[in-house]
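Peer 1: Kindly return the folded structure for what I paste below:
(one chain, ligands or ions: 3)
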Amino acid sequence: VTNKENIVRAAVLTRYGDPLELVTDVEVVDPGDGMVRVRVAYCGICHSDLHMGGGLTPVPLIAGHEVSGVVAEVGPGVFDLKQGDRVIISPNPTCGRCDRCTRGHPSLCVRASGWMKGVLPDGTVPFRRGDTPVYRGNGIGAWTEQVIVDAFACVKIDDDVPLDIACLIGCGIQTGVGAVFNTAKVEPGSDVLVSGLGGVGLAIVQAAKVAGAASVLVADPVAKRREVALSLGATCAIDPTTQDVAAVARSEVGGVHYAFDAVGSPALVATGVRAARPGGAIIMVGSPMGDDALSEVHQGQLIVQEKRLLGSMLGSSHPSRDIPRILHLWRTNRLSLEAFGTQRRPLEEVNEGLDDLRQGVGVRTVLVIDEDAASSAS
Ligand SMILES: NC(=O)c1ccc[n+]([C@@H]2O[C@H](COP(=O)([O-])OP(=O)(O)OC[C@H]3O[C@@H](n4cnc5c(N)ncnc54)[C@H](O)[C@@H]3O)[C@@H](O)[C@H]2O)c1
Ligand SMILES: [Zn+2]
Ligand SMILES: [Zn+2]
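Peer 2: Ligands and ions are numbered 1, 2, ... in the order given. All right, here's what the predicted structure looks like:
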């Protein structure tokens, strides 16, 4: 942090397709009603940071939405957080009172309606450079030293949880675990297929095991990631570049009860429909880039075989319910967080970190943004 407290370093995207630029003159606005200012300690690099809303969020923007940090300041009306609290920030705030929250869709809370526009719930921008507004990607914008977020998006965590792995819960792990427990509601004895073994897919694998899945078939072109999945309990690894995934699912287990797309492609949703047994569900977790029309899916098959297509936004999660649930599974050695955060880079190496993601290096790159933030916790 430079001499003025709310002027910070950040990685800024000025034009889609260009590398991010490291700057030191981003001004963070004051926290308004119900908002808090958080010092960012660590931030993971999630695949959704590559699409940045498919170009829908205006630039300049700051991406990054898998965050841990420490509360620096609370705005008016915030009663359950205070300066010094260690928190995980969820990209979806959950007010608990709007129509979506009260009808069981907490990840679609109206407080998140400015998500794609890159603005705060009241429509204002979170950052500026001089007179230029700077927007935020994927609901937070944390590749910077401070963020302004909804208090409802912050979940306080205990001292035993290291912030450098806690950050990954915010998006990838919460999404994968929630897709299993909340969206699909996988029951013991189920057969499960997971396509895509990044942070999201490997969280699905682990949660499916916790849910008592009888078999967890996994597919990813990257051999190392298939190995990680097997070490986390997957029962059968498929190379989609040489094998017909749906045919393997049918021959191994007679079709799966739940097929998860953790890549984001219409072709893989069609694969899931073919891999699912009658009455099965296809859970769409991956976000497609570009054309997302489901032209290969046969409506008749969905009807006569009662197959269900389910969209899953952030694992249909309620952060203040689901993040403690994930930490409980971690503390009782049923879910590894350590398996995800395989490499660290300073914020200066954010572009190299994005290359790690593109090339499938390790599982997740964690950006070290401000290690001193952790020591400012009360
Ligand atoms: N729905 C949500 O709320 C939500 C939240 C987080 C991420 N996402 C999306 O989920 C997807 C996964 O995110 P991630 O961060 O784990 O990504 P990632 O890049 O870490 O992992 C994606 C994996 O998919 C694999 N893959 C590519 N093509 C494949 C194929 N044909 N079959 C099987 N595997 C294939 C890649 O090798 C890679 O290992 C992305 O599309 C991301 O945008 C959605
Ligand atoms: Zn709400
Ligand atoms: Zn994400």
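Peer 1: What sits closest to the residue nearest the centre of the chain if chain neighbours are left out?
Peer 2: For the chain, the residue nearest the mean C-alpha position is Cys171 (2.3 Å; C-alpha atoms, centre = their mean). Using C-beta to C-beta, 6 or more residues apart in numbering and skipping the chain neighbours, the partner closest in space to Cys171 is Glu66 (4.4 Å). (Glycine included, C-beta is placed from N, CA and C.)
Peer 1: Please name the residues that touch the residue nearest to the centre of the chain.
Peer 2: Residues near Cys171 by C-beta atoms under 8 Å, 6 or more residues apart in numbering: Gly44, Cys46, Ser48, His65, Glu66, Ser90, Pro91, Asn138, Gly199, Leu314.
Peer 1: let's go with 7 Å and repeat that
Peer 2: Cys46, His65, Glu66, Pro91 (C-beta atoms under 7 Å, 6 or more residues apart in numbering).
Peer 1: Ligand 3: which of these is nearest?
Peer 2: Here the nearest of the contacts of Cys171 to ligand 3, counting by C-beta to the ion, is Cys46; it sits at 3.1 Å.
Peer 1: and the residue nearest to Cys171, how many neighbours?
Peer 2: 34 (other C-beta atoms under 10 Å).
Peer 1: Against Pro93, how distant is it?
Peer 2: 16 Å (C-beta to C-beta, to the nearest Å).
Peer 1: swap in Gly114?
Peer 2: 10 Å.
Peer 1: and what of Leu268?
Peer 2: 30 Å.
Peer 1: ok, back up a step: out of the contacts of Cys171, which two sit at the greatest distance?
Peer 2: Farthest-apart pair in the contacts of Cys171 is Cys46 and Pro91; separation 9.1 Å (C-beta to C-beta).
Peer 1: If you count surrounding residues, which of these two has more?
Peer 2: Pro91 (27 against 23).
Peer 1: Would you list the phi and psi of the residue lying farthest from the centre of the chain?
Peer 2: Residue farthest from the centre of the chain, counting by C-alpha atoms, centre = their mean, is Val304 at 34.0 Å. Here the main-chain torsion angles of Val304 (degrees, to the nearest 10) amount to phi -70, psi -20.
Peer 1: which phi and psi does the residue of the stretch 51-200 of the chain found nearest ligand 3 have?
Peer 2: Per C-beta to the ion, Cys171 is where the stretch 51-200 of the chain lies closest to ligand 3, at 3.2 Å. For Cys171, the backbone dihedrals (degrees, to the nearest 10) come out as phi -110, psi -70.
Peer 1: Make 181 the first number, not 1, from now on.
Peer 2: In the new numbering, first residue 181, that becomes Cys351.
Peer 1: Can you give me the pLDDT of it?
Peer 2: Cys351 carries a pLDDT score of 97 in this model.
Peer 1: And for His478?
Peer 2: pLDDT, His478: 89.
Peer 1: separation between it and Ala450?
Peer 2: Distance from His478 to Ala450, by C-beta to C-beta: 9 Å.
Peer 1: Neighbour count: these two, which is higher?
Peer 2: Neighbour count, other C-beta under 10 Å: between His478 and Ala450, Ala450 has more, with 18 against 14.
Peer 1: so that one sits in a helix?
Peer 2: Yes: according to DSSP: H, G, I helix; E, B strand; the rest coil, Ala450 belongs to a helix.
Peer 1: who in the protein is up against ligand 3?
Peer 2: Residues of the chain found near ligand 3 (C-beta under 5 Å from the ion) are Cys226, Ser228, Cys351.
Peer 1: Check whether Cys226 really touches Glu246, as I assumed.
Peer 2: Yes: Cys226 is within contact range of Glu246, at 5.3 Å (criterion: C-beta atoms under 7 Å).
Peer 1: quick revisit: which ones, among the residues of the chain next to ligand 3, also lie beside ligand 1?
Peer 2: Within the set of the residues of the chain next to ligand 3, contact with ligand 1 (C-beta under 6 Å from any ligand atom) is found for Cys226, Ser228, Cys351.
Peer 1: which SS class is the closest residue to the second one other than its chain neighbours?
Peer 2: Just to be clear, that refers to Ser228. Once flanking residues are discounted, Ser228 sits nearest to Asn318: 5.5 Å by C-beta to C-beta, 6+ apart. Reducing the assignment at Asn318 to three states with three-state DSSP gives coil.
Peer 1: so Asn318 touches Ser270, yeah?
Peer 2: No: checked against C-beta under 7 Å, the pair Asn318 and Ser270 is beyond contact range at 11.2 Å.
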